[in-house]
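Engineer: fold the following and give me the result.
(one chain, ligands or ions: 2)
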Amino acid sequence: MEKTRLRIAVQKKGRLADDTFALLKATGLTIKENKGGLFYRIKNLPIDLLLVRDDDIPGFVFDGVADLGIVGANVYEEYALKNDNQRRAQCIQKLGFSHCNLCLALPNTEGYADLNDFNDKTIATSYPNILQTYFKKGGISASTLEMHGSVEVAPKLGIADAICDIVSSGATLEANGLQNVKTIFSSQALLLKTTKDLSTEKKDTITKLLSRFEGVRQSKETKYIMMNAPRSALPALTKLLPGAEAPTVMHLEGQKDSIAIHAVCRESVFWETMESLKTAGASSILVLPIEKMLA
Ligand code: PRT
Ligand code: ZN
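Structural biologist: Ligands and ions are numbered 1, 2, ... in the order given. Have a look, this model is predicted:
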């Protein structure tokens, strides 16, 4: 195993891949693509990307085939439970993308009262271990039918009474005459780290990468806000600024009683907030994105 170049397992193609590459690029990594290859080399940091199917990522990271991995919490959890929690890589960061829910769904024609309705039913799913663990906690006894792909057609085919599958917009359930009755697991992309010992060089690269990931996350949520206002409105306006530290106050040339206020807001700035600022006396309100942040 390479001693100095950090190896990160990422999904080759699919729903996670685009957001993963977008994050890595936003982190400043210059990716040298090698079409059809197993690895992409990063030119400006000692990192190689290992391109694989998402299902292989938790195992590769646990075994140290990759030092880090980016995968959905649903896949990570299913793999860990399948292996009785004996092969669980470390989750070091929630990455805030690929949000989705694992849900129990029934045909629209069925009524639903509570979880007990699943007793003695057969449920088609790609996540039998997450589902059975959930049922066990709720004291439900049901059978699972493991399927990989097109889980939503199982009730129509008469091979299952219900399904437990990933839901994002809900369009797939709707198109198949199914109703979402219970979310059993909420997922997003995770950054996994191997539990194997790593060289100092690799540890240093991870520290740098984590700080850049955090910077990308913060700059996505953080906005730079600028406005003009009468000096007397400053206390009221400061209170209204969402998640802002002490604002910068500047005087406006030739206007004795007016000031310019600049602030970094660590929370979303909504239209409602801008309207409240205006009502409190602000004018010429500008909200700008922040491209990079380093604490
Ligand atoms: O080839 P490989 O094995 O790598 O990919 P894959 O086909 O197993 O996975 P992929 O690319 O479909 O999904 C990768 C990960 O994206 C999943 O493990 C989830 O963590 C996450 N994710 C986010 C989703 C969805 N949204 C999603 N909508 N995974 C699957 N879906 C499917 C779902 O299974 C259902 O068929 O989309 C359909 C539902 O979507 P809606 O919008 O109609 O509700
Ligand atoms: Zn997969």
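
Engineer: only C-alpha atoms from now on, for both contacts and neighbour counts.
Structural biologist: OK.

Engineer: burial measure for Val61, as a count.
Structural biologist: Counted by other C-alpha atoms under 10 Å, the residues lying close to Val61 total 26.

Engineer: residues contacting whichever helix or strand it is part of, please?
Structural biologist: Assigned by DSSP states H and E, Val61 falls within helix 57-63. Here helix 57-63 makes contact (C-alpha atoms under 8 Å, 6 or more residues apart in numbering) with 9-11, 66-71, 75-76, 79, 87-89, 192-196.

Engineer: 10 Å instead, please
Structural biologist: Outside helix 57-63, the residues that touch it by C-alpha atoms under 10 Å, 6 or more residues apart in numbering are 7-11, 50-52, 64-73, 75-80, 86-90, 192-196.

Engineer: which ones among those are found in strands?
Structural biologist: Among the contacts of helix 57-63, DSSP state E puts 7-11, 50-52, 68-72, 90, 192-193 in strands.

Engineer: so, in contact with ligand 2 or not, the helix holding Val61?
Structural biologist: No - against ligand 2, helix 57-63 shows no contacts by C-alpha under 5 Å from the ion, the least distance being 9.5 Å.

Engineer: so is that helix next to ligand 1?
Structural biologist: No - between helix 57-63 and ligand 1, judged by C-alpha under 6 Å from any ligand atom, nothing touches; the nearest distance is 9.1 Å.

Engineer: quick one: distance of that helix to the chain centre.
Structural biologist: Centroid separation for helix 57-63 versus its chain: 19 Å, with C-alpha atoms, centre = their mean, to the nearest Å.

Engineer: what do you get for stretch 68-79?
Structural biologist: 12 Å.

Engineer: now do it, average pLDDT.
Structural biologist: Averaging pLDDT along stretch 68-79 yields 98.

Engineer: and the end-to-end length of that stretch?
Structural biologist: Chord length of stretch 68-79, first to last residue, is 16 Å (C-alpha to C-alpha, to the nearest Å).

Engineer: for the closest residue to Lys196 other than its chain neighbours, give me the pLDDT.
Structural biologist: Spatial nearest neighbour of Lys196, chain neighbours left out: Gly64 (6.2 Å); criterion: C-alpha to C-alpha, 6 or more residues apart in numbering. Note for Gly64: predicted pLDDT of 96.

Engineer: many thanks, I have nothing further to ask.
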